[in-house]
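Novice: Build me a structure from this.
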Amino acid sequence: PLAERSVNTANVCQRHVLRVRVKPVLGQQTKSMPLNGPVLILGNNEVANSFATRLQAEGHEATSLPTDHPEELIGRLDSLWQRGPISHLFLLTAFDSVPDLTLEQTQWNTRRRRGVLAPYFLTQRWMELVQSHELLASSSFIACSVLGGNFGLADTVWRVESGAMSGLAKALNVEFGQRQQDVFLSKVIDFSASHSSEQVVDWIAREVSARTPEVEVGYNDQNERVVIHAHSEPHVVKSESDETDLQQATHQAKTSNTTISPAGTWLISGGARGVTAEVAKQVALQFPVKLHLLGSSPPPDIDPAWTKHTEEQRQTLKKEVCAAAARRGDRPLAAWTRVEKAIEIAANLDDFANRGIHAVYHQCDVSDRSSLASVLESIRRTDGSINGVIHGAGFERSCRFSKKKPAEVDLTLSAKVDGAAALMELTADDSLQ
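Specialist: Numbers count the residues shown, from 1 in each chain. All right, here's what the predicted structure looks like:
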């Protein structure tokens, strides 16, 4: 425990660094895969077909489902389950044939629906059935990605949906695998696009048979087996030297050989709230930039005194806002959330102004390309071409996997993923650094 170490625990944080480690390639599979129950494979591609054939040859019951009609997947899963429980799910959609990567909205939405939402909600329903039949301890979930065999840490990424499959497998491991340690298997296996279907199927079979504890495993172009390792160690922060450290880091950034030297007009989505607002302040304090902050909330229209309230005054205001909302027939908590966001935005905008930072706030849903295009044109008219973008907008509502609702999942993807796609497409002709 950190408390037992000879450091002030108030000045210690954990620093995590992702590293790729080469591990010995697993031995050749000599027995059939240890899968005690039927297998469901999602994907319509050569790898999925070859893997199903391999399973059937070993005596396993295997069924493949394509994603051509995502809206039918849940019903087809339920029909299959009526014949008997399905203990194992393999997501092999990363190998499906997809159009060339484009940010054009129609094609983007098709890839999003087939490559992200369809696997996500099929997995959610499968987990619901597995848990309701108390089969978690004997089930396994394997997702495959095509990010170069190193999870995109060293190569250009074309199969962007693979990132979602990787995240899904890791999330299931956190929620279920760590609770059912050495029992429920959740793993993501990353491959290079250059690998043949025979190679991929063989490596999947080896991973399933070995049941190693690594959650993220990849096979790169050199046919090496690599694992992602999150290295962490305590980092002592000496408060009296914080300012010196910041100055040194700033000087290093300004004098390094990097091609990015922030200047001009910068766009920061989500930049009026939370940690992104703090990032925006530091960028503006250290570099000659004009900031334009995007947020989904309307510009704050509140009593300026609210930003100066003590915690006791804040609680009194909350009671008043909630009571007024209840009298109107509104949801009290939603009403207070709107006010709380307005207070935070107003306080941050005041802080920007007091620090002499040029910052303009725009209400805009970054996933709405029409609205975003209009805001960007307005910014260009006043401050010229956009030179930098920081995408910090997001939506998150923590709950168990089984409780995730389609509308909330869609909001999460819209703000972070669709917003990123829209920003990239609509600033493609700007002078980005």
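
Novice: Now name the helix or strand holding residue 188.
Specialist: Using DSSP states H and E, residue 188 sits in strand 185-191.

Novice: what do you get for residue 336?
Specialist: Using DSSP H and E, residue 336 falls in helix 332-354.

Novice: ok, residues contacting whichever helix or strand comes after that helix?
Specialist: As assigned by DSSP H and E, the chain's next helix or strand after helix 332-354 is strand 359-363. Contact with strand 359-363 is made by 271-272, 280, 284, 290-299, 345, 349, 352-353, 375, 378-379, as judged by Cβ atoms under 8 Å, 6 or more residues apart in numbering. Using the backbone N, CA and C atoms, a C-beta is placed for each residue, glycine as well.

Novice: for the next helix or strand after strand 359-363, what is the average pLDDT?
Specialist: The element immediately downstream of strand 359-363 (helix or strand, assigned by DSSP H and E) is helix 369-383. If you average the pLDDT over helix 369-383, you get 96.

Novice: and helix 369-383, what does it pack onto?
Specialist: strand 264-269, strand 289-295, strand 359-363, strand 386-391, helix 419-426 (3 or more Cβ pairs under 8 Å, 6 or more residues apart in numbering; DSSP states H and E).

Novice: Low-confidence regions, this protein specifically.
Specialist: Scanning the chain for pLDDT under 70 picks out 1-15, 99-101, 179-182, 231-260.

Novice: quick one, strands of it?
Specialist: Assigned by DSSP state E, the strands in the chain fall at 12-23, 39-42, 62-65, 88-91, 140-145, 185-191, 216-219, 225-236, 264-269, 289-295, 359-363, 386-391.

Novice: can you put the helices and strands packed on helix 369-383 in JSON lines and add mean neighbour count?
Specialist: Listed next are those as JSON lines, based on neighbours: other Cβ atoms under 10 Å:
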{"stretch": "strand 264-269", "mean neighbour count": "24"}
{"stretch": "strand 289-295", "mean neighbour count": "24"}
{"stretch": "strand 359-363", "mean neighbour count": "18"}
{"stretch": "strand 386-391", "mean neighbour count": "20"}
{"stretch": "helix 419-426", "mean neighbour count": "20"}
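
Novice: Could you dump the ones you listed into TSV with distance to residue 208 added?
Specialist: Below are the helices and strands packed on helix 369-383 laid out as TSV (distance: least, Cβ to Cβ, whole Å):
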stretch	distance to residue 208
strand 264-269	41
strand 289-295	45
strand 359-363	50
strand 386-391	37
helix 419-426	34
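
Novice: Can you check which of the strands of the chain gets nearest to residue 128?
Specialist: strand 88-91 (12.1 Å; Cβ to Cβ).

Novice: List the strands paired with that closest one, with their directions.
Specialist: Strand pairing for strand 88-91, determined by DSSP bridges: strand 39-42 (parallel), strand 140-145 (parallel).

Novice: so of the ones you listed, which one's packed in deepest?
Specialist: Scoring the strands paired with strand 88-91 by mean neighbour count under mean count of other Cβ atoms under 10 Å gives strand 140-145 as the most buried, with a mean of 25.

Novice: so how far is residue 398 from residue 298?
Specialist: 25 Å (Cβ to Cβ, to the nearest Å).

Novice: Of these two, give the one with the bigger neighbour count.
Specialist: residue 298 (12 against 6; other Cβ atoms under 10 Å).

Novice: Leaving out the residues flanking it, which one is nearest to that one?
Specialist: Spatially, and ignoring its direct neighbours in sequence, residue 298 is nearest to residue 363 (5.2 Å; Cβ to Cβ, 6 or more residues apart in numbering).

Novice: and if you look at residue 297?
Specialist: Nearest to residue 297 is residue 341, by Cβ to Cβ, 6+ apart, at 4.9 Å.

Novice: do the same with residue 175
Specialist: Closest residue to residue 175 apart from its sequence neighbours, by Cβ to Cβ, 6+ apart: residue 401 at 5.7 Å.

Novice: and what of residue 427?
Specialist: residue 386 (5.4 Å).

Novice: same deal with residue 45?
Specialist: Nearest to residue 45 is residue 95, by Cβ to Cβ, 6+ apart, at 4.1 Å.

Novice: Can you get me a residue count around the one you found?
Specialist: Residue 95, neighbours per other Cβ under 10 Å, totals 25.

Novice: Equivalent analysis for residue 113, please.
Specialist: By the criterion of other Cβ under 10 Å, residue 113 has 13 neighbours.
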